[in-house]
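Trainee: could you look at this predicted model? Sequence included:
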Amino acid sequence: MKPSITSLVWSYDEYATRYAAFTGVQHPRVETIEGLRDMVKRAIIAFGMRNRASPKRIVFFRDGVSEGEFDQVLKIELGAMRAAFDEVWTERKIIKDPKPKVTFIVVGKR
């Protein structure tokens with residue numbers, strides 16, 4: 001079987017017109033993005049360095065999830081994102097900015 005390719009594309013400016021991406025490779029038929037916590041952490045740090053502020057809101061569009069896996073993917077991936085927030089806020093000693101609010105959208109095919 002061929003491996004699965006994962007990616008996180010994120011906007012790094014206040015108008016959401018400039019983007020960067022991280023990609024990864026993982027075992028085939030794994031529904032969740034295994035390196036998501038690290039990807040989100042890197043994106044938040046890069047956003048903060050460019051904007052001198054933490055993101056206020058994250059809109060996460062997720063594709064490639066079968067309907068029966070929605071709940072599992074939401075639980076695991078939202079947990080990974082929150083773990084990334086916790087790590088960044090702790091490591092960077094961020095106390096004045098709240099952690100970002102997340103809108104998690106699963107894109108269905110039909």
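Mentor: In hand now; what should we look at? Numbering: from 1, shown residues only.

Trainee: and the contacts of the helix or strand that contains residue 81?
Mentor: Per DSSP states H and E: residue 81 is located in helix 70-91. The contact list for helix 70-91 (C-beta atoms under 8 Å, 6 or more residues apart in numbering) reads 31-33, 36-38, 40-41, 44-45, 48, 54, 58, 60, 62, 65, 94-95, 99-100, 102, 104, 106. Yep, even glycine has a C-beta here, placed from its N, CA and C like the rest.

Trainee: one more pass at 7 Å, please.
Mentor: 31-33, 36-37, 40-41, 44-45, 62, 65, 99-100, 102, 104, 106 (C-beta atoms under 7 Å, 6 or more residues apart in numbering).

Trainee: one more: stretch 99-109?
Mentor: Stretch 99-109 has contacts (C-beta under 7 Å, 6+ apart) with 54-63, 65, 70, 74, 78, 81, 85, 89.

Trainee: helix or strand: which one has the residue sitting nearest the centre point of the chain?
Mentor: With distances taken as C-alpha atoms, centre = their mean, the residue of the chain nearest its centroid is residue 40 (4.3 Å). Here residue 40 sits within helix 36-51, counting by DSSP H and E.

Trainee: could you tell me the angle between that helix and helix 70-91?
Mentor: Taking axes from the mean of the first three to the mean of the last three C-alpha atoms, to 10 degrees, helix 36-51 and helix 70-91 form an angle of 50 degrees between their directions.

Trainee: now do the next helix or strand after helix 36-51 against helix 70-91: the angle between them, please.
Mentor: Per DSSP H and E, the first helix or strand lying C-terminal to helix 36-51 is strand 57-62. Calculated by the same axes, to 10 degrees, strand 57-62 forms an angle of 140 degrees with helix 70-91.

Trainee: for strand 57-62, name the packing helices and strands.
Mentor: On a contact count with 3 or more C-beta pairs under 7 Å, 6 or more residues apart in numbering; DSSP states H and E, strand 57-62 meets strand 101-106.

Trainee: partners of the strand it packs on, with directions?
Mentor: Next to strand 101-106 in the sheet, as set by DSSP bridges, lie strand 57-62 (parallel).

Trainee: starting at the chain centroid, how far to the partner strand?
Mentor: 7 Å (C-alpha atoms, centre = their mean, to the nearest Å).
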